[in-house]
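Chemist: no sequence on this one, just coordinates:
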């Protein structure tokens, strides 16, 4: 069962990292035509309802809503559920900002859960690799 979870985690990371190379960040205005959409998304991210909170976090990453970054960072420090902290780290990776990735780096060092530290380390390392590849000199003019 443990190897199944490890394989599932690996597949999830590969899918997230692959999709991140193909898409770009959006504004909430591009994703939804509702003036309360961001306010509702942020309220969902901070909700006490686990399902609503996880769904809101997921949607912020799926649609790459950059305006939700501060709410995600705040929730990352407050979140008690280890799986949700990993999800937030993945979403911050999807958004790709330095500020968000610095928080993921902090989680990789300071989190009390070994699995969260391990996953955050892998996410942060992938960010570093992607950043260095995008700025690497190719010799082409």
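Modeler: Perfect, thanks for sending it. Just so it is clear, the model here is predicted, and its values are computed rather than measured.
Chemist: out of everything not next to it in sequence, what's closest to residue 94?
Modeler: residue 61 (4.4 Å; C-beta to C-beta, 6 or more residues apart in numbering). In this view, the C-beta of every residue, glycine as well, is placed from N, C-alpha and C.
Chemist: Just the pLDDT for the one you found.
Modeler: Residue-level confidence at residue 61 comes out at 94, pLDDT.
Chemist: Ok, residue 31 next?
Modeler: At residue 31, the pLDDT value in this model is 52.
Chemist: Please renumber the chain so that the first residue is 13 from this point on.
Modeler: Yes, from this point I'll number from 13; that puts the last item at residue 43.
Chemist: ok now the helix or strand harbouring residue 67, how far from the chain's centre?
Modeler: Secondary structure assigned from DSSP states H and E places residue 67 in helix 62-74. Using C-alpha atoms, centre = their mean, to the nearest Å, we find the averaged C-alpha position of helix 62-74 to lie 11 Å away from the chain's own average C-alpha position.
Chemist: So which residues make contact with it?
Modeler: Helix 62-74 has contacts (C-beta atoms under 8 Å, 6 or more residues apart in numbering) with 53, 55-59, 77, 80, 83-84, 87, 93, 96, 99-100, 102-103, 106-107.
Chemist: Many thanks, we can stop here.
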